[in-house]
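Novice: Pasting the sequence and the predicted coordinates here, then a few questions.
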Amino acid sequence: MLNFDYDLQSVQETRNLARQAKQAQTELAQFNSEQIDKIIRNMVKVAEENAVALAKLAVEETGFGKVEDKVFKNRFASTELYQFIKPMQTIGVIKEDKINKVMEIAEPVGLLMGIVPSTNPTSTTIYKSLIAIKARNGIVFSPHPSALKCTLEAAKLMNDAAVAAGAPANIIGCISKPSMNATNELMKCDEVAMIIATGGSAMVKAAYSAGKPALGVGPGNVPAYIERTADIPKAVRNIIASKTFDNGTICASEQSVVVEECIRNQVMEEFKRQGGYFMTPEETEQVGRKLFNRGHAMNAKMVGRSAADIAAGAGISIPPGTKVLLGEQQGVGEQYPLSYEKLTTVLAFYTVKDWHEACDLCMKLLNNGGVGHSLSIHTENPEMAIKFAEKPVFRILVNTASTHGGVGVSTGLAPAFTLGCGTWGGSATSDNVTPMHLINIKRVAYGIKDVTENGNSSYATGDAQQGGSGGTVSEDRIQALVNEVMSLLKQRGDC
Ligand SMILES: CC(=O)SCCNC(=O)CCNC(=O)[C@H](O)C(C)(C)COP(=O)(O)OP(=O)(O)OC[C@H]1O[C@@H](n2cnc3c(N)ncnc32)[C@H](O)[C@@H]1OP(=O)(O)O
């Protein structure tokens, strides 16, 4: 009875949130660039001011990760993201191709639904709110039940900051009574135009089954190959920094280290020197059993934990100061638990004869739950990086920490907490998701070729392609039409 009441309230609340946010978005769709930038600047300011409080709340509630790294993620998702999206043209006329006489006009997608994972709850909420507003969309979040309080708080802060700077009320909403019924309701309701889903693969699949456009991002299983020419101390430093960042909660973090026989001892020594602990086969088995519940579903009690917590949970003893646990594996799949995604401070360790074997192994690891996501390689041989670029992933991260590289902290990739895995990984995009994925593009295209009755066409002018004047539609006439469209858009406040 209690559950029934709860479900009913939760579905009712969701309908209201969607209705209100859609109404607000219809108004926001008329805002111009200056208005949107003012709103975003205030959201960034509020996110900065609350970065520490939100990080503490997230760690307290979920038990995942570290406060200082979650603070970094909140700042990255606001201040750093802002620098990247500020110059993006997402409103009004965004491109004019004078040669082919095509003008592009950005229109918002509408109301978005944001699915937020428990591993990065506040940073993902800040990031999705900002990219949504930048493209003049509204957004309603479906929080993970075990990160409810911090997600609600982040969404409320973002909504209040947006409204204080001129956005219509309720432009950002968040379900406060999470349930699968409410989440399904939000996914399927008419008001929601697109779903951006970040989280477990079941939730991402559900998003794609909702019958509307969705940008879904599932799991990774990132192999880190240390090739024989690599700068070994640097490679190990990067891997440890990446794997210990927020205790490995980011899906671009390394899950396995692959080394060549000829450098195996050097790599192992370097890991030991920098805080890696190589578990015995028995310890590896013990830890492996604890990391997963049924099948390969990660055990939330082991996700985003320090090496000391994992060791204590699995009943093994490790030297003080240990940063990551490494377990040797001889293969990939059922018999080798560490060959799956772990999202914590544990790495599988593999030795191969040469790069050919490394290639085969990386393929097997990627096919074990990480297709489309990311692969990391440490090498001083640029040709080797290109060889690995042939693997079925969309981020080939070279000589960097893959966590930081994947989300755009240490590489030139777009700052993002939603990393597309392309069609190979069941995703609608292979990009790091930005506001440009959240606009529709209208094209005003003028005729540049004459069409005859038999369907043939020819260029109206000899020099139309070069942007010359003359022909059946004069350059002046086209410019006049362009001006007309621009002035109509200006009247609407779009540019
Ligand atoms: C850039 C990036 O790094 S993105 C990172 C994205 N990757 C991930 O989030 C990793 C995938 N996630 C997971 O494997 C898991 O969520 C874990 C291991 C992190 C946490 O696991 P758990 O909390 O034990 O389980 P899980 O996430 O499946 O959810 C628990 C319950 O909440 C439900 N739930 C999850 N999200 C929602 C939601 N948005 N609304 C309603 N219910 C939800 C699940 O259906 C599940 O219900 P059930 O117990 O009835 O089956």
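Specialist: Cool, the structure landed.
Novice: Show the pLDDT at the nearest residue to residue 252 once chain neighbours are set aside.
Specialist: Among residues not flanking residue 252 along the chain, residue 406 sits closest, at 2.6 Å (Cβ to Cβ, 6 or more residues apart in numbering). The way it works is simple: take the backbone N, C-alpha and C, and place the C-beta from them, glycine included. Note on residue 406: pLDDT of 98.
Novice: ok, residue 406 - contacts?
Specialist: With contact set as Cβ atoms under 8 Å, 6 or more residues apart in numbering, residue 406 has these partners: 222, 250, 251, 252, 373, 374, 395, 397, 413, 419, 432.
Novice: run the last query once more with 6 Å
Specialist: By Cβ atoms under 6 Å, 6 or more residues apart in numbering, the contact set of residue 406 is 252, 374, 395, 419.
Novice: Each with direction, which strands does the host helix or strand of the second one pair with?
Specialist: Here residue 374, judged by DSSP states H and E, is contained in strand 372-378. For strand 372-378, the paired strands and their directions (DSSP bridges) read strand 222-226 (parallel), strand 393-398 (parallel).
Novice: Please identify which of these is closest to residue 43.
Specialist: The closest approach between residue 43 and any of the strands paired with strand 372-378, judged by Cβ to Cβ, belongs to strand 393-398 at 27.4 Å.
Novice: Quick one: check the closest one for contact with the ligand.
Specialist: No. Strand 393-398 stays clear of the ligand (Cβ under 6 Å from any ligand atom), getting no nearer than 11.1 Å.
Novice: I'd like the distance from stretch 321-329 to the chain centre, please.
Specialist: Averaging C-alpha positions (Cα atoms, centre = their mean, to the nearest Å) puts stretch 321-329 27 Å from its chain's average.
Novice: repeat for stretch 10-27
Specialist: 25 Å.
Novice: Contacts for that stretch, please.
Specialist: 111, 138, 140, 168, 170-171, 173, 175, 177, 179, 181-182, 185-186, 189, 191.
Novice: which ones are touching the spatially most central residue of the chain?
Specialist: Centroid-nearest residue in the chain, with Cα atoms, centre = their mean: residue 418, separated by 1.1 Å. Contacts were defined as Cβ under 6 Å, 6+ apart; by that measure residue 418 touches 198, 217, 433.
Novice: how close does the closest residue to it other than its chain neighbours sit to residue 380?
Specialist: Nearest residue to residue 418 in three dimensions, chain neighbours excluded: residue 433, at 4.2 Å (Cβ to Cβ, 6+ apart). Residue 433 is 32 Å from residue 380, where distance means Cβ to Cβ, to the nearest Å.
Novice: Show me the helices in the stretch 251-400 of the chain, by range?
Specialist: With helices called from DSSP state H, counting those that start in this stretch, the stretch 251-400 of the chain shows them at 264-273, 281-291, 307-314, 355-367, 382-388.
Novice: In terms of secondary structure, what does the fourth one contact?
Specialist: By that I understand helix 355-367. Secondary-structure packing of helix 355-367 (3 or more Cβ pairs under 6 Å, 6 or more residues apart in numbering; DSSP states H and E): strand 222-226, strand 254-260, strand 346-352.
Novice: Against which helices or strands is the second one packed?
Specialist: Spelled out, it's strand 254-260. Packing partners of strand 254-260 (3+ Cβ pairs under 6 Å, 6+ apart): strand 222-226, helix 232-244, strand 346-352, helix 355-367.
Novice: Pick the most deeply packed of those.
Specialist: For those, average neighbour numbers computed from mean count of other Cβ atoms under 10 Å are highest in strand 222-226, which has a mean of 28.
Novice: How about that one and the ligand, touching?
Specialist: No. Using Cβ under 6 Å from any ligand atom, strand 222-226 stays clear of the ligand, coming no nearer than 10.9 Å.
Novice: Go ahead and name everything in contact with that strand.
Specialist: For strand 222-226, contacts defined as Cβ under 6 Å, 6+ apart pick out 235, 239, 254-259, 267, 358, 362, 365, 374-378, 402.
Novice: Mind doing that once more with 8 Å?
Specialist: Contacts with strand 222-226, where a contact means Cβ under 8 Å, 6+ apart, come from 232, 235-236, 239, 252-260, 263, 267, 358, 361-362, 365-366, 370, 373-379, 388, 402, 406.
Novice: Now do it: distance to the chain's middle.
Specialist: Counting by Cα atoms, centre = their mean, strand 222-226 comes out at 20 Å from the chain centroid.
Novice: tell me, how many neighbours does residue 231 end up with?
Specialist: 14 (other Cβ atoms under 10 Å).
Novice: That one and residue 380 touch, don't they?
Specialist: Yes. Using Cβ atoms under 8 Å, residue 231 makes contact with residue 380 at a distance of 6.6 Å.
Novice: is any part of the helix or strand hosting residue 161 close to the ligand?
Specialist: According to DSSP H and E, residue 161 maps onto helix 148-164. No. Applying Cβ under 6 Å from any ligand atom, one finds helix 148-164 separated from the ligand by no less than 9.2 Å.
Novice: Show me the contact partners of that helix.
Specialist: Residues contacting helix 148-164 (Cβ under 8 Å, 6+ apart): 39, 42-43, 45-47, 50, 54, 57-58, 61-62, 116, 121-122, 125-126, 129-130, 133, 141, 143-144, 169-174, 176, 178.
Novice: at 6 Å instead, please
Specialist: Contacts of helix 148-164 (Cβ under 6 Å, 6+ apart): 39, 42-43, 46, 50, 54, 57-58, 61, 116, 121-122, 125-126, 129, 141, 143, 169, 171-172, 174, 176, 178.
Novice: List the ones among those that fall in strands.
Specialist: Judged by DSSP state E, those include 141, 172, 174 as members of strands.
Novice: Show me where this structure dips below the pLDDT cut-off.
Specialist: Scanning the chain for pLDDT under 70 picks out the ranges 1-2, 455, 459-479, 482, 485-486, 488-495.
Novice: Which of the three states applies to residue 196?
Specialist: strand (DSSP: H, G, I helix; E, B strand; the rest coil).
Novice: in the sheet, who's paired with it?
Specialist: Going by DSSP bridges, residue 196 forms beta bridges with residue 114, residue 215.
Novice: Likewise for residue 378?
Specialist: With DSSP bridges as the rule, residue 378 is bridged to residue 226.
Novice: tell me, how many neighbours does it end up with?
Specialist: Residue 378 has 26 nearby residues by other Cβ under 10 Å.
Novice: Just the element for residue 203, please.
Specialist: Counting by DSSP H and E, residue 203 is part of helix 201-208.
Novice: Can you name every helix or strand that that helix contacts?
Specialist: Using 3+ Cβ pairs under 6 Å, 6+ apart, helix 201-208 sits against strand 192-198, strand 214-217.
Novice: Scan this protein for its longest helix.
Specialist: helix 2-28 (DSSP state H).
Novice: is the ligand contacted by that one?
Specialist: No. Shown here: helix 2-28 not in contact with the ligand (Cβ under 6 Å from any ligand atom), separated by at least 9.2 Å.
Novice: now the angle from that helix to strand 192-198?
Specialist: Relative orientation of helix 2-28 versus strand 192-198 (axes from the mean of the first three to the mean of the last three Cα atoms, to 10 degrees): 110 degrees.
Novice: Just the buried positions in helix 2-28, please.
Specialist: 7, 10-11, 13-14, 17-25, 28 (16 or more other Cβ atoms under 10 Å).
Novice: got it, and stretch 416-429?
Specialist: By 16+ other Cβ under 10 Å, the buried positions in stretch 416-429 come out as 416, 417, 418, 419, 420, 421, 422, 425, 426, 427, 428, 429.
Novice: Please consider this matter closed, and thank you.
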